[in-house]
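Student: below are the sequence and a predicted model for it; my questions follow.
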Amino acid sequence: MSNHPPVSTIEKEVGRRRSFAIISHPDAGKTTLTEKLLLYAGAIQIAGSVKARKASRHATSDWMEIEKQRGISVASSVMQMEYRDCIINLLDTPGHQDFSEDTYRVLTAVDSALMVIDAANGVEAQTRRLIEVCRARNTPLITFINKMDREVKRPLDLMDEIEEALGMSVVPITWPVGMGKSFSGVIDIASSQMRMFKAGEDRIGHQADQLVSVSDADLKNKLGESLETALTEVELVQGAMPSFDLEAFLNGQQSPVFFGSAINNFGVQEILNTLVELAPAPKSRSTIQREVLPSEKNFSAVVFKIQANMDPAHRDRVAFLRICSGYFERGMRLKISRNGKEVRTNNALSFLSQRRDILDEAFPGDIIGIPNHGLLQLGDTLTEGEKLQFTGLPFFAPEIFKMVETADPLRTKQLRDGLMQLGEEGAIQVFKPMLGGQMLLGAFGQLQFEVVAHRLKSEYNAEVRLLPARYSLSRWVSSKDPAMLKKFINDNSHRMSEDVVGAPVFLAAHRSELEVAQQLWKDIEFHALREHA
Ligand code: G4P
């Protein structure tokens, strides 16, 4: 058994934890900003691995490269930094949209999110989907409008666009003066001070920013019209928008907005300060059984991501757990609530550095990695013995389907085993049709199929053919009336399948088929999202 520290220690550690993820459309500047955040917080070593990860992203059309880079992505999946007495955990989200399902699940493990927007492009497609996930969970959202050193959209237009996309009020904390070549800094609205911008200046290590009052005569002379325009805009937004309300931000109803340029380290420190001063520490979380407070003495955590490790010969995987309560100490014995099995944690990983240091202790809000061989599944809850099941890990109905067939019938068992494991890992969704022997795969992007076919061959020695499937959408089905659900499944057996956890799934070739079924079966509920329970 572990030596539990007093509850007061746990409370103190919880209070200084900030766990967040960055959401953005590719190329908005997530990698650059991540690097600068790490540099500011002194975690310079890891910044190199962020670059390496970026290199892997550029090669996503080539799955062999993904395979090679998987080790790097494990190492940079979670980055921990210390800033102003806070421990900040930054969880990476996959850059490629084909892996967006992974991103949704990562968002369940954070307490706030930072949305990075390219000021020239505004709110782009992929960001919109991620916003929906944050909205559904009321995740507090900080907005960073990047690339002000370029010719970009008008700040007032951007505010409107973001407000519309977020469906919540946005409150600028800073306001830009000029843009592109004439970008000269941001006004801190609350203090009416302007923070001066100089392209390419390395601001790291500078204790004080260059702050000048907006009423300073020299400043007015120097900037002339651009400062006047900015001040008029500030007046306008102050008149039109509510002032910053911490409660509304914490409830996911208002987003503070910052302008800057990640590549020039401008506006980056404000983000760190905001995380420390305004972003929430870990809160209580729901389980089926009860609400779990982070400061509880006993440990609990939930698996939100599973990643295959580098060595395909051993089929080892790393399960990523978000600690929800208590105290973690290496060597501690934990139990999986799903089946009561014991998990040893001698090899648990922390993510303090590129070297994936072996972890000694961790607190709520922190992420730990537990290497295993399939023992841990997505959504699993681990505790010191109490049976708890955290809720809220989402699975979305896939959008592309393929039938999978083995090229060598003698290896059917390997194929089934491999598919079940990859399905449990969340690499792809696997469905077993009720009629017919072929398994069905569901994904969000073509790349997911390529990765799975490649991994089946290299890790399970099962060569597969992927064939077009006639389905274009799926829905999990449930009913308050078990007899009715049974009848629905029997009557529609040619369209029914089971997912990896045995939940019934209705498959349709066209939307109209779904609509007809919905018309005919009023007592059946059709779900585009399944929450792991
Ligand atoms: P991502 O992770 O969101 O995909 O974006 P990333 O940080 O890689 O940034 C995408 C491109 O935008 C990069 O240029 C990066 O240098 C540039 N960028 C990021 N922040 C700023 C900024 O504040 N101002 C300007 N002008 N550019 C910015 P690239 O040419 O695609 O890559 P690279 O060769 O510079 O690495």
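Tutor: Received, thanks. Small disclaimer: the values here were computed from a predicted structure and weren't measured.
Student: what segments of the stretch 1-150 of the chain are strands?
Tutor: Assigned by DSSP state E, counting those that start in this stretch, the strands in the stretch 1-150 of the chain fall at 17-24, 78-83, 86-91, 112-118, 141-146.
Student: which bits of the stretch 1-150 of the chain sit near the ligand?
Tutor: Proximity of the stretch 1-150 of the chain to the ligand is confined to 24, 26-32, 54, 95, 146-147, 149-150 under the rule CB under 6 Å from any ligand atom. C-betas here are computed from N, CA, C, even on glycine.
Student: turn those into JSON lines, columns for neighbour count and pLDDT.
Tutor: Below are these laid out as JSON lines (neighbours: other CB atoms under 10 Å; pLDDT from 0 to 100):
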{"residue": "Ser24", "neighbour count": "23", "pLDDT": "88"}
{"residue": "Pro26", "neighbour count": "14", "pLDDT": "83"}
{"residue": "Asp27", "neighbour count": "13", "pLDDT": "88"}
{"residue": "Ala28", "neighbour count": "27", "pLDDT": "91"}
{"residue": "Gly29", "neighbour count": "22", "pLDDT": "91"}
{"residue": "Lys30", "neighbour count": "25", "pLDDT": "89"}
{"residue": "Thr31", "neighbour count": "22", "pLDDT": "86"}
{"residue": "Thr32", "neighbour count": "22", "pLDDT": "89"}
{"residue": "Lys54", "neighbour count": "17", "pLDDT": "55"}
{"residue": "Gly95", "neighbour count": "21", "pLDDT": "58"}
{"residue": "Asn146", "neighbour count": "26", "pLDDT": "97"}
{"residue": "Lys147", "neighbour count": "26", "pLDDT": "97"}
{"residue": "Asp149", "neighbour count": "22", "pLDDT": "94"}
{"residue": "Arg150", "neighbour count": "15", "pLDDT": "94"}
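Student: what's the closest of these to Thr274?
Tutor: Thr274 lies nearest to Asn146 out of those, by CB to CB, at 15.0 Å.
Student: mean pLDDT for the strands of the stretch 1-150 of the chain: which is lowest?
Tutor: With a mean of 86, strand 78-83 has the lowest mean pLDDT of the strands of the stretch 1-150 of the chain.
Student: what packs against it?
Tutor: For strand 78-83, the packing partners by 3 or more CB pairs under 8 Å, 6 or more residues apart in numbering; DSSP states H and E come out as helix 30-40, strand 86-91, helix 268-277.
Student: of all the residues of the stretch 1-150 of the chain next to the ligand, which two lie farthest apart?
Tutor: Those two in these that are separated most widely, counting by CB to CB, are Gly95 and Asp149, at 22.4 Å.
Student: one step back: wait, which of the helices and strands packed on strand 78-83 is closest to Glu384?
Tutor: Taking these one by one with CB to CB, strand 86-91 is closest: 22.2 Å.
Student: ok, that closest one: who's next to it in the sheet?
Tutor: strand 17-24 (parallel), strand 78-83 (antiparallel) (DSSP bridges).
Student: Arg129: how many residues sit nearby?
Tutor: For Arg129, the neighbour count with other CB atoms under 10 Å is 16.
Student: ok now do the closest residue to the ligand within the stretch 101-250 of the chain, which residues does it touch?
Tutor: Proximity of the stretch 101-250 of the chain to the ligand (CB to the nearest ligand atom) peaks at Lys147, 4.0 Å away. Contacts here follow CB atoms under 8 Å, 6 or more residues apart in numbering; on that basis Lys147 touches 29, 118-120, 261-263.
Student: relative to Leu33, how far out is it?
Tutor: 11 Å (CB to CB, to the nearest Å).
Student: overlap in contacts, the two.
Tutor: Ala262.
Student: count the neighbours of Asn461 for me.
Tutor: Asn461 - counted by other CB under 10 Å - has 12 other residues nearby.
Student: isn't it up against Asp408?
Tutor: No. Using CB atoms under 8 Å, Asn461 makes no contact with Asp408, being 9.2 Å away.
Student: check contacts around Arg128.
Tutor: Ala165.
Student: quick check, pLDDT for it.
Tutor: So, for Arg128, pLDDT stands at 82.
Student: please apply the same query to Thr406.
Tutor: pLDDT, Thr406: 87.
Student: hang on, it packs against Asn461?
Tutor: No. Using CB under 8 Å, Thr406 is not in contact with Asn461, being 10.9 Å away.
Student: and Pro280, how far is that from Ala41?
Tutor: 19 Å.
Student: then Thr274?
Tutor: Distance from Thr274 to Ala41, by CB to CB: 14 Å.
Student: what residue ranges in the stretch 251-400 of the chain score low on pLDDT?
Tutor: 309-315, 351-359 (pLDDT under 70).
Student: re earlier: ranking the strands paired with strand 86-91 by burial, who's on top?
Tutor: Across the strands paired with strand 86-91, averaging neighbours per residue (mean count of other CB atoms under 10 Å) puts strand 17-24 on top, at a mean of 24.
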